[in-house]
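[1] Below are the sequence and a predicted model; questions follow.
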Amino acid sequence: AQSVSQHNHHVILSEAASLELGCNYSYGGTVNLFWYVQYPGQHLQLLLKYFSGDPLVKGIKGFEAEFIKSKFSFNLRKPSVQWSDTAEYFCAVNAGSYIPTFGRGTSLIVHP
Amino acid sequence: GAVVSQHPSRVICKSGTSVKIECRSLDFQATTMFWYRQFPKQSLMLMATSNEGSKATYEQGVEKDKFLINHASLTLSTLTVTSAHPEDSSFYICSARDRGDTGELFFGEGSRLTVL
């Protein structure tokens, strides 16, 4: 069975700091990978996704993620965070059954 | 992107009553919808997969008689929490996948259920 691990549960940063949120998954076959974001009071929405091709994926709002197959990782990065990036971030893996499995989520707070 | 709408967004009910939550795909047809439950500060727990025109597939540990799911059309799935109890209080989220099946899920706004 597939599983997803997000190591950082709570992250607090100041504006302009760089961000990296870890995501590791366990599944030996082909996977589709996603990062979803949930802003305060809003529903989940897709930040970026990887299906195949270039392992460095660019998403909305300046986010990017790199798929490293050998490390079973799909870490999310942003060079300079903003106060508006305060949100919950969920990594998800979709393999085989096409039912995505979500990580526990990371709460990001950005201080202005 | 595609739009999924949930209703109601908030509901408060008395213990022992039943509550129905609707999930609609507004601009696409969804043969498959998923129902999740989210506890505070925790991840989304998949409860069941709802398939249009057939019985839902429930995850282990989820009571099918407690959480009735109906997916009568390609744009509507409903979750009914029967004989609700305070421990059923939670945030319920539905999601749907376009028939194109790219793997991307589109999420509803969520429904906050409070059972008194």
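    Structure's in. What do you need?

[2] So, low pLDDT: which residues of chain B?
    Residue ranges of chain B with pLDDT under 70: B:1, B:41, B:99-103.

[3] Find the residue at the geometric middle of it.
    The central residue of chain B, meaning the one whose C-alpha is nearest the mean C-alpha position (C-alpha atoms, centre = their mean), is B:W35 at 3.6 Å.

[4] Following the chain onward from the helix-or-strand element of chain A with minimal mean pLDDT, which element is next?
    Every helix and strand in chain A was compared by mean pLDDT, DSSP states H and E; the lowest is strand A:101-102, with a mean of 87. Downstream of strand A:101-102, the next assigned helix or strand under DSSP states H and E is strand A:106-111.

[5] do that next one and chain B meet?
    Yes - contact check for strand A:106-111 against chain B, using C-beta under 8 Å from any C-beta of the partner chain: residues in range are A:S107. In this view, the C-beta of every residue, glycine as well, is placed from N, C-alpha and C.

[6] Check which strands are paired with that strand and give the direction for each one.
    Here the strand partners of strand A:106-111, with direction, are listed using DSSP bridges: strand A:10-14 (parallel), strand A:87-94 (antiparallel).

[7] Which strand residues bridge the residue nearest to A:F51 when sequence neighbours are not counted?
    Counting by C-beta to C-beta, 6 or more residues apart in numbering or on different chains, A:N32 is the residue found nearest to A:F51 once chain neighbours are left out, at 5.2 Å. The residues paired with A:N32 through beta bridges, assigned by DSSP bridges, are A:N94.

[8] What pLDDT is listed against A:N32?
    Among the per-residue scores, A:N32 holds a pLDDT of 86.

[9] thought it was touching A:N94?
    Yes - counting by C-beta atoms under 8 Å, A:N32 does reach A:N94; the two are 4.2 Å apart.
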